[in-house]
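Asker: Provided below are the primary sequence and the corresponding predicted coordinates.
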Amino acid sequence: MTKTSTLDIDVRFGHCDPAGIVFFPNFHRWMDAASLHFFMQCGVPPWREMTATNGIVGTPLLEHHTRFVKSVTYGQRITISTSIQEWRNKVFLQRHEIRRGEDLICESVETRAFVIRDPQDPQRLRAVPVPADIRAKCE
């Protein structure tokens, strides 16, 4: 069983296109924020602290699949519910459901990995096995 966190977003005029509909990249920006929020709600320190203790610099997005159901406009509040759908050796699948009240707006599954800087080339990132202590905090 995995934990679920929620993050509320108040949609503003600047989040929308000229038709008054949220511009779709904003959903991905909010889901990225919800990803970090999930880990922090589970007791995982911010990435800058993790970098200092175990070298992990974050969980970059490797792949995402999103299905949009309804539109959203400014003046509305949406809630992002985030959980881990599946743990694998070096990656995990993180699920986001975005709702406006009871209405499903969109749902997404992201593939992410915990990464460190490559010791041979610090400009490159390298995936590492999912840390057991982080996984335990999130289950």
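Answerer: It's in.

Asker: For the rest of this, base every contact and every neighbour count on C-alpha atoms.
Answerer: Will do.

Asker: ok, Arg29 - how many residues close by?
Answerer: Other residues near Arg29 come to 11 when the count uses other Cα atoms under 10 Å.

Asker: how far away is the spatially closest residue to Pro60 that is not a sequence neighbour from Pro129?
Answerer: Closest residue in space to Pro60, ignoring its immediate chain neighbours: Arg112 at 5.6 Å, by Cα to Cα, 6 or more residues apart in numbering. When distance is defined by Cα to Cα, to the nearest Å, Arg112 is 12 Å away from Pro129.

Asker: Need the residues touching each of those two.
Answerer: Overlap of the contact sets of Arg112 and Pro129 (by Cα atoms under 8 Å, 6 or more residues apart in numbering) consists of Val91.

Asker: hmm, back to that, please tell me I have it right and the residue nearest to Pro60 contacts Leu62.
Answerer: Yes. Counting by Cα atoms under 8 Å, Arg112 touches Leu62, with 5.4 Å between them.

Asker: between these two, which one's more packed in?
Answerer: Arg112 (20 against 10).

Asker: Check which helices and strands the host helix or strand of the more buried one sits against.
Answerer: Counting by DSSP states H and E, the element that carries Arg112 is strand 103-113. For strand 103-113, the elements it packs on are strand 61-68, strand 91-100, judged by 3 or more Cα pairs under 8 Å, 6 or more residues apart in numbering; DSSP states H and E.

Asker: all helices of the protein, in order?
Answerer: 25-41, 47-54, 132-138 (DSSP state H).

Asker: burial of Gln123, as a residue count?
Answerer: Tallying neighbours of Gln123 according to other Cα under 10 Å, which is how burial is gauged here, yields 8.

Asker: contacting residues around the residue lying closest to it once chain neighbours are set aside?
Answerer: Residue nearest to Gln123 in three dimensions, not counting chain neighbours: Arg117, with 7.0 Å by Cα to Cα, 6+ apart. Applying Cα under 8 Å, 6+ apart, we find Arg117 in contact with Gly55, Ile56, Val57, Gln123, Arg124, Leu125, Arg126.

Asker: Distance check, Arg117 against His65.
Answerer: In this structure, Arg117 lies at 27 Å from His65, with Cα to Cα as the measure.

Asker: Fine by me, thanks again.
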